[in-house]
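> Need the 3D shape of this:
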Amino acid sequence: MPKKSLSEKPITVAAVKKILEERGDAEIDQFQRRTLDFAQKFVKVDENKAEELVNKLTEKFGVDTKEAVQIVNCMPKSVEELRIFFATGKRRIIATAQLEDILKLLDEYRK
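Below you'll find the predicted structure:
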């Protein structure tokens, strides 16, 4: 019988990595093991910093939580790469100066 989802919350790849590592090899199935392998290879910042960065993006720059999570997962390095995250949806146009400020914040958290 499938499990019923009570709520959804977007989380970073770093958070996924931490959750799966805490469960241990004995408790995770093959799909979760593949997910952990992906997370270990592609995580850009550690879990605590990732959560802090998502919060700063949402509070300081008014970025939607889902967008903030995706930005943290990818950690874009240029204005052009960052602009892609705001290209869809009903998001307002963001000035280049503000995008540069976001990039400066991301640079503070890079590994």
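
> care to break the chain down by domain?
Following automatic domain parsing, one gets these domains for the chain: 13-42, 47-109.

> And the ones you listed: which comes nearest residue 4?
domain 13-42 (19.0 Å; Cβ to Cβ). Any C-beta I mention is one placed from the backbone N, CA and C, and that applies to glycine too.

> What separates the first and last residues of the closest one, distance-wise?
Length of domain 13-42, first residue to last, Cα to Cα, to the nearest Å: 8 Å.

> follow-up on the earlier one: would CSV of the domains of the chain with mean pLDDT, distance to residue 4 and mean neighbour count be doable?
Output for those, formatted as CSV (pLDDT from 0 to 100; distance: least, Cβ to Cβ, whole Å; neighbours: other Cβ atoms under 10 Å):
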stretch, mean pLDDT, distance to residue 4, mean neighbour count
domain 13-42, 94, 19, 14
domain 47-109, 91, 22, 15
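
> Redo those domains as a markdown table? Include distance to residue 6.
Shown next, in a markdown table, are the domains of the chain (distance: least, Cβ to Cβ, whole Å):
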| stretch | distance to residue 6 |
| --- | --- |
| domain 13-42 | 17 |
| domain 47-109 | 18 |
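
> For residue 3, which of the ones you listed is the nearest?
Of the domains of the chain, nearest to residue 3 by Cβ to Cβ is domain 13-42, at 13.4 Å.

> for residue 73, what are its contacts?
Contact analysis of residue 73 by Cβ atoms under 8 Å, 6 or more residues apart in numbering lists 12-13, 42, 44.

> Tell me who's in contact with the most centrally placed residue in the chain.
Nearest to the mean C-alpha position of the chain, by Cα atoms, centre = their mean, lies residue 69 at 3.0 Å. Contacts for residue 69 (Cβ under 8 Å, 6+ apart) come out as 10-12, 54.
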